[in-house]
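Student: Just need the structure, nothing else, for what follows:
(chains A and B, ligands or ions: 2)
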There are 2 protein chains.
Amino acid sequence: MPASEIERMIQLLARLPGLGPRSARRAALALIVKRESLLRPLGEALLRAADAIRPCTICGNLDDRDPCGVCADPERETAVLCVVEEVGDLWAIERAGVYRGRYHVLGGTLSALDGRGPEQLNIARLLERAAVPEVSEVILALGATVDGQTTAHYIAERLEPLNVSITRLAQGLPVGGELDYLDDGTLSAAFRQRRPA
Amino acid sequence: MPASEIERMIQLLARLPGLGPRSARRAALALIVKRESLLRPLGEALLRAADAIRPCTICGNLDDRDPCGVCADPERETAVLCVVEEVGDLWAIERAGVYRGRYHVLGGTLSALDGRGPEQLNIARLLERAAVPEVSEVILALGATVDGQTTAHYIAERLEPLNVSITRLAQGLPVGGELDYLDDGTLSAAFRQRRPA
Ligand SMILES: [Zn+2]
Ligand SMILES: [Zn+2]
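Tutor: Ligands and ions are numbered 1, 2, ... in the order given. Next up is the predicted model:
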């Protein structure tokens, strides 16, 4: 039997997406074998992140400052808001390097199945932000899933009364595909060819 | 771009077996979302393990004490040594609950490809341990891979002059399969039906 410290580590690692009990054991072993080069640095990095990382109160991005780096960057366009489901989608778009505006992270999609309605998402704050006169475009960069498109449709309706053009990512989203899984090229194409919602 | 604390976390997570860059990002996000229930406890568990876990100087098992729990347990048979490649194999056998003797962890297999010879493995210490009169059997519980079987053959030859019976795990090892991937039932069967090497 592994010692209790190892057991505890395995149990926690097994709760990460992508790791089950078996791969968590392998990961734990790999960590112990690389005690000073991996185990300790990772432990320290996790605790530093736990202390430092907070959601941005403006856009919902995760960063070590609030407002986040994107919201605080004077070089980013303030006329465009890009609405994403999750912070991982924001990171994917940043990696693609195709967008220079601001973001708004919803924190998920509407979901009848999971009982997630508009009040569970960061939508009220989006409507406030989109109502500011300098905002001229809202890009709905939601996944091409049923829930993603339902959410896009709902938000487009709520934004309708405001004086903003509403666009969606166009070509390139594979049907049923989630944004975070796209390669940078596909994501760039989808961005360039966005069309009115 | 994620903040530097998140980037650092992602880079380190991506070095775990079973996680690539993409799944490391997902894992990092899942950790941040569960800051107090997962991120901080995992960070603390890793640092505790880094401080506490050491290889057993007798058998090579990893534990928070030395000698390890198996070596220190007076209830375990001292007449049988079970030789395994890695600590993960020892854990797998312990989970199967089929063996009550002691272990010896080699730290890998002989490998022409990776240039790993006998002196890179914990073999000298095994020969010392097997030479003690009370040891009557050495079980070579190595993987059914080419390297595993080469190693078993090499060790069997080195043990030949000693007064011990040398056995191998028999039925149940799928050809080319690694021990750590076996289910408990297969492993139990292989153990029960072990035969002279
Ligand atoms: Zn922000
Ligand atoms: Zn031991």
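Student: switch to C-alpha atoms for all contacts and neighbour counts from now on
Tutor: OK.
Student: in its sheet, what does the helix or strand where A:His104 lies sit against?
Tutor: Assigned by DSSP states H and E, A:His104 belongs to strand A:102-105. Here strand A:102-105 has these sheet partners by DSSP bridges: strand A:80-84 (parallel).
Student: right, and the helix or strand after the partner strand?
Tutor: helix A:87-96.
Student: Dump the next helix or strand after the strand holding A:His104 to PDB, restricted to CA.
Tutor: Per DSSP H and E, the first helix or strand lying C-terminal to strand A:102-105 is helix A:123-130. Written as PDB, here are the backbone C-alpha positions of helix A:123-130 (Å, rounded to 0.1, in the frame of the first residue of the first chain):
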ATOM      1  CA  ILE A 123     -25.300  37.800 -18.500                       C
ATOM      2  CA  ALA A 124     -26.600  40.800 -16.600                       C
ATOM      3  CA  ARG A 125     -23.100  42.200 -16.400                       C
ATOM      4  CA  LEU A 126     -22.700  41.700 -20.200                       C
ATOM      5  CA  LEU A 127     -25.800  43.700 -20.900                       C
ATOM      6  CA  GLU A 128     -24.400  46.500 -18.800                       C
ATOM      7  CA  ARG A 129     -21.100  46.400 -20.500                       C
ATOM      8  CA  ALA A 130     -22.600  46.300 -24.000                       C
END
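Student: So what are the sheet partners of the helix or strand that comes right after helix A:123-130 and their directions?
Tutor: Sequence-wise, the next helix or strand downstream of helix A:123-130 (DSSP H and E) is strand A:137-140. Sheet pairing of strand A:137-140 (DSSP bridges) gives strand A:80-84 (parallel), strand A:165-168 (parallel).
Student: Now render the ones you listed as CSV, adding mean neighbour count and mean pLDDT.
Tutor: Output for the strands paired with strand A:137-140, formatted as CSV (neighbours: other CA atoms under 10 Å in any protein chain shown; pLDDT from 0 to 100):
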stretch, mean neighbour count, mean pLDDT
strand A:80-84, 24, 95
strand A:165-168, 21, 89
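Student: which stretch among the ones you listed comes nearest B:Asp51?
Tutor: When these are compared by CA to CA, strand A:80-84 sits nearest B:Asp51, at 41.1 Å.
Student: domain ranges for chain A?
Tutor: The record's domain split for chain A, according to automatic domain parsing, is A:4-52, A:74-168.
Student: Span of the shortest one from start to end?
Tutor: Spelled out, it's domain A:4-52. Using CA to CA, to the nearest Å, the end-to-end distance of domain A:4-52 comes out at 29 Å.
Student: One more: the longest one?
Tutor: Using CA to CA, the span of domain A:74-168 from its first residue to its last is 25 Å.
Student: So it, near ligand 1 or not?
Tutor: No: using CA under 5 Å from the ion, domain A:74-168 stays clear of ligand 1, with a minimum separation of 7.0 Å.
Student: hang on, the earlier thing: of the domains of chain A, which stretch is the most buried?
Tutor: Sort the domains of chain A by mean neighbour count, taking mean count of other CA atoms under 10 Å in any protein chain shown, and domain A:4-52 sits at the top with a mean of 20.
Student: From ligand 2, how far out is the residue nearest to the spatial centre of chain A?
Tutor: Using CA atoms, centre = their mean, the residue of chain A that lies closest to the mean C-alpha position is A:Val87, 1.8 Å off. According to CA to the ion, to the nearest Å, A:Val87 and ligand 2 sit 45 Å apart.
Student: Same check on A:Ser165?
Tutor: When distance is defined by CA to the ion, A:Ser165 is 69 Å away from ligand 2.
Student: Who does that residue form a beta bridge with?
Tutor: Bridge pairing for A:Ser165 (DSSP bridges) gives the partners A:Glu137.
Student: So it sits against A:Val135, correct?
Tutor: No: the pair A:Ser165 / A:Val135 is not scored as a contact, 9.3 Å apart, by CA atoms under 8 Å.
Student: about what we covered before: using CSV, list the CA coordinates for the strand holding A:His104.
Tutor: In CSV, the C-alpha atoms belonging to strand A:102-105 read as follows (Å, rounded to 0.1, in the frame of the first residue of the first chain):
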residue,chain,number,x,y,z
ARG,A,102,-12.0,42.8,-24.7
TYR,A,103,-13.8,39.7,-23.4
HIS,A,104,-16.7,38.6,-21.4
VAL,A,105,-16.7,35.2,-19.8
